[in-house]
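# Here is my input, please return the structure:
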Amino acid sequence: MDQPGRIFRWGWPQRLAISLNTVAALALAAVLLLMVNYLSARHYRRWDWSRAPLYRLSDKTLALLAAMTNQADVVVFLPPGQALYDDVDRLLREYEAASSKLRVERVDPDRDLARTEELKRVYEMTEPNLVVFDVEGRRKYVRAEDLADYDYDPLQYGEEPVRTSFKAEQMFSSALHDLIQGRRPVVYFVAGHGERDVTRTARGIGYSEIAESIRRDNAEVRALTLGQVQHIPEEADALLIAGPDKRYSAGELDVLREYLERKGRLMVLLDALTQTGLEPLLAEWGVRVADDVVLDPARTLTGRELFLTTYEDHPISRRMAGLTSVLYFPRSVQPLASPAAGDPADRPQAVALARCSEGGWAETDPDQSPMRFDPERDQPGPVPVAVAVEKGAAPSLEMEIRPTRLVVFGDSDFAANGILSGGNADLFLNSLNWLLDRDSLLAISPKPLEESRLILAQPQLRALFWILVAGLPLLAAAAGLLVGLRRRN
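Numbering: from 1, shown residues only. Purely as a prediction, here's the structure:
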C-alpha cells in the first residue's frame, strides 16, 4: 500500500503510453477534421440572410448557369480600391458557387503588371476597369461604369454622385447569355454612296474605331453594296447607313423598304446639307428629316457642335444620365404623329431620343452669317436630333413578336474616329444593342440600394446613453467587486 502523503510517480512505460495515446488522439482529431472539411467542401448549402439581397442571383440567372455546357472564363480588371470592386467580387463568387463552368480570375492592373500586359494583348483591351467574359474565343466587355446607376443631382452642390442601384447581375448574365448562344450577330454597313468606311482609320472620317467596338461586343461587321444585291442578306441582324453624300436609286430604296417590311433593323446617320433620297422612305416610317441645321448657343463652344446632356426616356438613352454626347452641325430629326385609327402595333411608333434646349432652333438658312433665329422660317427649340422607331411590338400579348426597329440621327460625325469621347460611343452602341435586342436579353431588374437608418427620439437617446455609457461599465464593476469579496471570504 502507498503510504499516506507519498507522491506517486509514473514510470517511463506509463509516460510513453500516455504520450502515444495523446499523439493518436491528435492524429485521429486531425483526420476527422480533414474528413469534415473534405465533405463540407463537396456537399454544402448556401443561405443569404442579408436584409438587402444585393448579391442574391435571380431565378433566370440560376437557370442560365445550370444550362451552361461550355467553359466560361471571366477576367476582372479592377483595382481593389475601385468603388465597385467589393460588390463585383461578391457577386461573381455567387456565380462561381452556382456553376462549375465559370472560372473567374481577378487581376489588379496596378500591381500585377506582367499579367495585365499579357491579358491586354490576348483580349485586345484599350481601356481599364473592365470585366471580360470569354466563351470559346467569343468575348464580351462590361465596363465598370455600366454596373450601377447614379443620382447626379448632388454634383450641382459640389458633392459626389450617389449610387442608386447595382445592375451587375443584369450585365453579367446578359453577356453570358449572348456568348452561350454561339452565333454572333451580323451588322452590315452600307457602302457605295460615300458612306463612312469601317476600314478607314483617318481621324474624323473613318469608322474603324466604332467597328472595332462592335467586334469587341461579339458581333461581326461586314460591308454591303446595295446596288449589287436584290435583297438584304437573311443573316443581317442590323443594317447601318452612316453619312451618305450621294442619292440612293429607286431600286435601292425598294430593297431597303422590303427589308424593313420583314422586321428589319436599320440605323441611319444623316449629315446636314445633304440630299440622299432616304427622306421619303423615313417619312413612311414616322421620321421627318428636314433640310436644316440645329443650333443652340447655350450648348456649344464654337457654334458648330451641339452638346447633349439630357435625354428622353427610352431604352437607348435610359442609361445615359450624366453623360454628354456631342453632335456636329446636326440636322433636325423629328417624329411624325402616327394615325390614331387602327391597331397601334400596325403603325410606327416614333419617339425622340434627344433635343436641343429651348434656346436653340432649327436654322433653314445656314448660309447667312451670323445665323439668327427667324420666327417666320425657323423652328424654335427644343428640336429633336435623334429618333427611335418601333413597329409591330405587341406588349399586351403574351407571345413575343419581333418588331421592326429604326434609329435615325441627324449627324454621322459623332461616331467617327477620334470623336468617340464622352457619351458618343455609349449613344451609338446603345442604339445598336437596342436594334439587336440586346437591351432585354434577360430582363433582370437592377438591385436598388437601400439606405438603413436608425431614427431615435430624445428619450430613447438618453436611455441608450445610460445603458451603454453608464450601465454596462457599472455592471462590470459590480461583478468584479462581487468576485473580489467572495475570494476574500
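# just for the stretch 51-200 of the chain, where's the confidence low?
Residue ranges of the stretch 51-200 of the chain with pLDDT under 70: 51-52, 182.
# Could I get the full set of strands for it?
Taking DSSP state E, counting those that start in this stretch as the test, the strands found in the stretch 51-200 of the chain are 72-77, 102-107, 130-135, 138-143, 148-151, 162-166, 186-191.
# centre of the chain versus the second one, how much separation?
Spelled out, it's strand 102-107. 19 Å (CA atoms, centre = their mean, to the nearest Å).
# Next, format the strands of the stretch 51-200 of the chain as a markdown table and append distance to Glu258 and mean neighbour count.
(Each C-beta comes from the backbone N, C-alpha and C, glycine too.) Formatted as a markdown table, these follow (distance: least, CB to CB, whole Å; neighbours: other CB atoms under 10 Å):
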| stretch | distance to Glu258 | mean neighbour count |
| --- | --- | --- |
| strand 72-77 | 39 | 20 |
| strand 102-107 | 43 | 16 |
| strand 130-135 | 35 | 21 |
| strand 138-143 | 31 | 19 |
| strand 148-151 | 40 | 17 |
| strand 162-166 | 42 | 16 |
| strand 186-191 | 14 | 21 |
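# Put together JSON lines for those strands, with distance to Asp367 on each row.
Formatted as JSON lines, the strands of the stretch 51-200 of the chain follow (distance: least, CB to CB, whole Å):
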{"stretch": "strand 72-77", "distance to Asp367": "50"}
{"stretch": "strand 102-107", "distance to Asp367": "56"}
{"stretch": "strand 130-135", "distance to Asp367": "46"}
{"stretch": "strand 138-143", "distance to Asp367": "42"}
{"stretch": "strand 148-151", "distance to Asp367": "43"}
{"stretch": "strand 162-166", "distance to Asp367": "47"}
{"stretch": "strand 186-191", "distance to Asp367": "30"}
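# ok, and the closest non-adjacent residue to the spatially most central residue of the chain?
The chain has Asp146 as the residue nearest its centroid, 3.7 Å off, counting by CA atoms, centre = their mean. In space, and not counting its chain neighbours, Asp146 is closest to Met171: 5.9 Å by CB to CB, 6 or more residues apart in numbering.
# pretty sure that neighbour is touching Leu147, no?
Yes. Contact criterion CB atoms under 8 Å: Met171 and Leu147 qualify, at 6.0 Å.
# okay, these two: which has more neighbours?
More crowded of Met171 and Leu147, by other CB atoms under 10 Å: Leu147, with 25 against 20.
# got the contact list for that one?
By CB atoms under 8 Å, 6 or more residues apart in numbering, the contact set of Leu147 is 84, 87-88, 131, 166-168, 171.
# can you map out the helices along the protein?
Using DSSP state H, the helices of the chain run over residues 12-42, 59-66, 85-98, 113-123, 168-180, 208-216, 250-261, 279-284, 424-435, 458-465, 472-488.
# Out of those, flag the one nearest Tyr141.
Nearest to Tyr141, of all the helices of the chain, is helix 208-216, at 5.5 Å by CB to CB.
# Tell me the pLDDT of Ala394.
pLDDT, Ala394: 56.
# Same check on Ala340?
54.
# ranges for the strands of the stretch 201-350 of the chain?
Using DSSP E, counting those that start in this stretch, the strands of the stretch 201-350 of the chain run over 220-225, 236-242, 265-269, 287-289, 293-295, 305-308, 325-328, 333-335, 349-355.
# Make JSON lines out of the ones you listed and add distance to Tyr207, mean pLDDT and mean neighbour count.
Below are these laid out as JSON lines (distance: least, CB to CB, whole Å; pLDDT from 0 to 100; neighbours: other CB atoms under 10 Å):
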{"stretch": "strand 220-225", "distance to Tyr207": "9", "mean pLDDT": "94", "mean neighbour count": "15"}
{"stretch": "strand 236-242", "distance to Tyr207": "6", "mean pLDDT": "96", "mean neighbour count": "23"}
{"stretch": "strand 265-269", "distance to Tyr207": "10", "mean pLDDT": "97", "mean neighbour count": "25"}
{"stretch": "strand 287-289", "distance to Tyr207": "20", "mean pLDDT": "95", "mean neighbour count": "21"}
{"stretch": "strand 293-295", "distance to Tyr207": "22", "mean pLDDT": "94", "mean neighbour count": "25"}
{"stretch": "strand 305-308", "distance to Tyr207": "19", "mean pLDDT": "92", "mean neighbour count": "23"}
{"stretch": "strand 325-328", "distance to Tyr207": "15", "mean pLDDT": "93", "mean neighbour count": "22"}
{"stretch": "strand 333-335", "distance to Tyr207": "20", "mean pLDDT": "95", "mean neighbour count": "22"}
{"stretch": "strand 349-355", "distance to Tyr207": "20", "mean pLDDT": "94", "mean neighbour count": "21"}
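# follow-up on the earlier one: can you tell which of the strands of the stretch 51-200 of the chain is closest to Ala283?
strand 186-191 (19.1 Å).
# ok, the residue nearest to Asp146 to Ser213 distance?
To Ser213, Met171 is 16 Å away according to CB to CB, to the nearest Å.
# next one: Thr126
9 Å.
# More neighbours: those two, which one.
Ser213 (20 against 12).
# Hmm, the more buried one is touching Ala425, no?
Yes. At 6.3 Å, Ser213 and Ala425 qualify as touching, with contact defined as CB under 8 Å.
# still on that earlier bit, in a markdown table: the strands of the stretch 201-350 of the chain, plus distance to Arg106.
Putting the strands of the stretch 201-350 of the chain into a markdown table (distance: least, CB to CB, whole Å) gives the following:
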| stretch | distance to Arg106 |
| --- | --- |
| strand 220-225 | 30 |
| strand 236-242 | 33 |
| strand 265-269 | 37 |
| strand 287-289 | 46 |
| strand 293-295 | 46 |
| strand 305-308 | 36 |
| strand 325-328 | 33 |
| strand 333-335 | 44 |
| strand 349-355 | 37 |
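# out of the strands of the stretch 51-200 of the chain, nearest to Leu34?
strand 102-107 (25.8 Å).
# and Met320, what does it touch?
By CB under 8 Å, 6+ apart, the neighbours of Met320 are 311, 423, 426-427, 430.
# For the nearest residue to Ala191 once chain neighbours are set aside, which residues are in contact?
If the residues on either side of it in the chain are set aside, Ala191 comes closest to Ala223, at 4.9 Å by CB to CB, 6+ apart. Going by CB under 8 Å, 6+ apart, Ala223 touches 188-191, 198.
# same question, Arg299
306-309, 356-357, 360.
# ok, now how distant is it from Ala354?
Taking CB to CB, one finds Arg299 at 11 Å from Ala354.
# what residues are shared contacts of these two?
By CB under 8 Å, 6+ apart, the residues touching both Arg299 and Ala354 are Leu308.
# Can you report how many residues neighbour Pro79?
With other CB under 10 Å as criterion, Pro79 counts 13.
# I'd say it and Asp108 touch.
Yes. With contacts counted by CB under 8 Å, Pro79 reaches Asp108, the gap being 5.5 Å.
# Next, the distance between the ends of stretch 304-317.
By CA to CA, to the nearest Å, the extent of stretch 304-317 from end to end equals 23 Å.
# what comes into contact with that stretch?
Under CB under 8 Å, 6+ apart, the answer for stretch 304-317 is 294-296, 299-300, 320-321, 324-330, 351-356, 360, 385, 388, 407, 423, 427, 430-431, 434, 439-440.
# rerun at 7 Å
294, 296, 299-300, 320, 324-330, 351-354, 356, 385, 388, 430-431, 434, 439 (CB atoms under 7 Å, 6 or more residues apart in numbering).
# In that stretch, which residues are buried?
305-308, 311-312, 314, 316-317 (16 or more other CB atoms under 10 Å).
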